[in-house]
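Visitor: What follows is a predicted structure for the sequence shown.
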Amino acid sequence: MKKILAVVMILMLAVLSCGKKEESKTLRVGLNSVFAPFEYKENGQIVGFDVDLINQIGKDLGYKIEIEDQSFDGLIPTLKAGKIDMIISGMTATEERKKSVDFSDEYFKSTDVYLKKKGNNNVTSIDNLSGKKVGASLGTIQEIEARKIPGATVVPIEDTVKSIMDLEAGKVDVLILENVIALEYMKKYTDLEVIGEKPLDSGMAIAFDKGKHTELIQKINEELKTLKSNGKYDELINKYGLKVKK
């Protein structure tokens, strides 16, 4: 009887151990699905460059990827609360963000563009936006840039789609967006135009809670190098038309 109980206990421990091992191989990835072409919804599914990239990384490293979609400004607080394991959402690896999170190597770098609605003759240059309403998505580096403009009234907007709608409705005079995102939306909203562009100091990277995922970050950095060397990274760049965006 004791032998039978011992065997049962061993089997139960083995099952529990396998369950924990399987659980540890799942990565909960946070994003905000309104940043086409990096993450957006198509036929009810979240797709995009970031989604394909993290799924490829997960596949190659043996992780199951679970996508958690939420507001951009809530991503880092959710990460710090332990509700997700990482963020891949077109997030720029700024020095300010590095105070609270760790980043992978940068995987894409773009510029900021300033948009206005065609026919708005009150705005002619990004060098004189004093007295103008400047919109930017809440919690983004574009909001930070907007707040540096002397005399401008900054209008933080919940997400990218709403910011585009606000620009079209005249609720803001100018909207700051990342280059590739702006150009993607301009395919649909043809009454918008670029009036200026500025370089970004940093590129996009994957974010992790501070000091908790050193080994995983190293693995992902190595995988990013592998994807760039074996051509799979360029395949994704071409798939989403990112190579021609400047």
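Guide: That came in fine, so what should we check first? Residues are numbered from 1 along each chain as shown.
Visitor: who's in contact with the residue nearest to residue 206 when sequence neighbours are not counted?
Guide: Among residues not flanking residue 206 along the chain, residue 104 sits closest, at 4.1 Å (Cβ to Cβ, 6 or more residues apart in numbering). Quick note: C-beta positions are derived from backbone N, CA and C, even for glycine. Contact analysis of residue 104 by Cβ atoms under 8 Å, 6 or more residues apart in numbering lists 205-208, 217, 220-221, 224.
Visitor: Of these, which is the nearest to residue 62?
Guide: residue 220 (12.4 Å; Cβ to Cβ).
Visitor: and the gap between the closest residue to residue 199 other than its chain neighbours and residue 103?
Guide: What sits nearest to residue 199 in space, not counting adjacent residues and going by Cβ to Cβ, 6+ apart, is residue 111, at 5.3 Å. Residue 111 is 19 Å from residue 103, where distance means Cβ to Cβ, to the nearest Å.
Visitor: residues touching residue 49, list them.
Guide: By Cβ under 8 Å, 6+ apart, the contact list for residue 49 reads 37-39, 108, 236-237, 239-240, 242.
Visitor: let's see 10 Å
Guide: By Cβ atoms under 10 Å, 6 or more residues apart in numbering, residue 49 lies in contact with 35-40, 88, 90, 107-108, 180, 204, 236-237, 239-242.
Visitor: Repeat that for residue 136.
Guide: Residues in contact with residue 136, defined by Cβ under 10 Å, 6+ apart, are 112, 142-147, 154-157, 160, 163, 172, 174-177.
Visitor: quick one, phi/psi of the residue nearest the centre of the chain?
Guide: Taking Cα atoms, centre = their mean, the centroid of the chain lies closest to residue 89, which sits 1.2 Å from it. Residue 89 adopts backbone torsions of phi -150, psi 50, taken as degrees, to the nearest 10.
Visitor: Skipping adjacent residues, who's closest to it in space?
Guide: Nearest to residue 89 is residue 31, by Cβ to Cβ, 6+ apart, at 4.0 Å.
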